[in-house]
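Engineer: Here is the input, now give the coordinates:
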Amino acid sequence: MRTKLFIPVISLLCTSYALANPGPGEVPFDFEFTAPGGAIPEIDFDGDLDGISAFPLYMSSAEFPDGIASIQSLELQLTGLSHSYPDDLEVYLLDPFGETLLVMFNRGNGVNLNGITLIFNDSGGRFPLDYDNSELDPSITGNLATYYQPEGAGGMSNFVKQSGGTDTWNLLIIDGVPDDSGSLESWTLRGTAVPEPVTLSLLALGALTFLRRRRS
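Structural biologist: Residues are numbered from 1 along each chain as shown. Predicted coordinates for the structure are as follows:
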């Protein structure tokens, strides 16, 4: 009897740990939210906010009517990014609590981006490459999604650990040099909510209840 009880308890603990600790390259997702992008104007140095684009995204749905309490894994997708000189761009992800993640900073040099899709997560393996004007790469100039690691220290996992929650997020794109502009079709956040922890006390209570029922 003790062996039969021990096995499901251990199995439950292992399942809970696996959900909270995905292995390298194993990024599960159970939510996805998309917001529209827009124009990325060039900066004109006249004191206004030209050159700074903020695109808000609100994480709420029938499944998560009050938002998501905390996040286990997170992935950012930029869809339909176009710019005539991407080396001018700085891209940041801002969570609802004021934490900021540097996603991409002055990458691509003079390569013309035309409606590409970039995906950033900790499994990306490398930062976006910083090409010379003479270099072109199909993964940059093509329309297929390309995976990269965000440039901020610790990547997505460190950002999620520090910031945690949901509600209104913002994508901030800064074009810091005049004479070039671009646009973004949309952007997406997908990830996994942290499951409620299965504590040892709850497991012990369940085990005691089970044993008492078996003895009665």
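Engineer: Val91 and Ile173 touch, don't they?
Structural biologist: Yes - between Val91 and Ile173 there is a contact under CB atoms under 8 Å: 5.4 Å. C-beta coordinates here come from the backbone N, C-alpha and C atoms, glycine included.
Engineer: secondary structure class for Leu93?
Structural biologist: Following DSSP: H, G, I helix; E, B strand; the rest coil, Leu93 is assigned to strand.
Engineer: Need the nearest residue in space to it, chain neighbours excluded.
Structural biologist: Excluding the flanking residues, the one nearest Leu93 by CB to CB, 6 or more residues apart in numbering is Leu101, at 4.5 Å.
Engineer: isn't that neighbour right up against Glu90?
Structural biologist: No - using CB under 8 Å, Leu101 makes no contact with Glu90, being 12.0 Å away.
Engineer: okay, these two: which has more neighbours?
Structural biologist: The neighbour comparison of Leu101 against Glu90 (other CB atoms under 10 Å) goes to Leu101, with 24 against 17.
Engineer: Report how many residues lie close to Ala69.
Structural biologist: Per other CB under 10 Å, the neighbour tally for Ala69 reads 12.
Engineer: There's contact between it and Val194 in this structure, I believe.
Structural biologist: Yes - assessed by CB under 8 Å, Ala69 is found in contact with Val194 at 7.3 Å.
Engineer: shaky segments in this protein?
Structural biologist: Residue ranges of the chain with pLDDT under 70: 1-28, 44-51, 129-145, 195-216.
Engineer: need the helices for it, in chain order.
Structural biologist: Using DSSP state H, the helices of the chain run over 2-20, 138-141, 155-163, 200-215.
Engineer: For Asp179, which non-adjacent residue is closest in space?
Structural biologist: Closest to Asp179 by CB to CB, 6+ apart is Glu42, at 6.3 Å.
Engineer: Thought Asp175 was touching the one you found, still the case?
Structural biologist: Yes - the pair Glu42 and Asp175 passes the contact test of CB under 8 Å, sitting 5.2 Å apart.
Engineer: quick one, which of the two is more surrounded?
Structural biologist: Here Glu42 and Asp175 are set side by side on neighbour count (other CB under 10 Å), and the busier one is Asp175, at 23 against 19.
Engineer: Show me what the more buried one is bridged to.
Structural biologist: The bridge-partner assignment for Asp175, based on DSSP bridges, gives Leu89.
Engineer: ok now do Phe33, which residues does it touch?
Structural biologist: Residues in contact with Phe33, defined by CB atoms under 8 Å, 6 or more residues apart in numbering, are Leu57, Tyr58, Met59, Ser61, Thr188, Leu189, Arg190.
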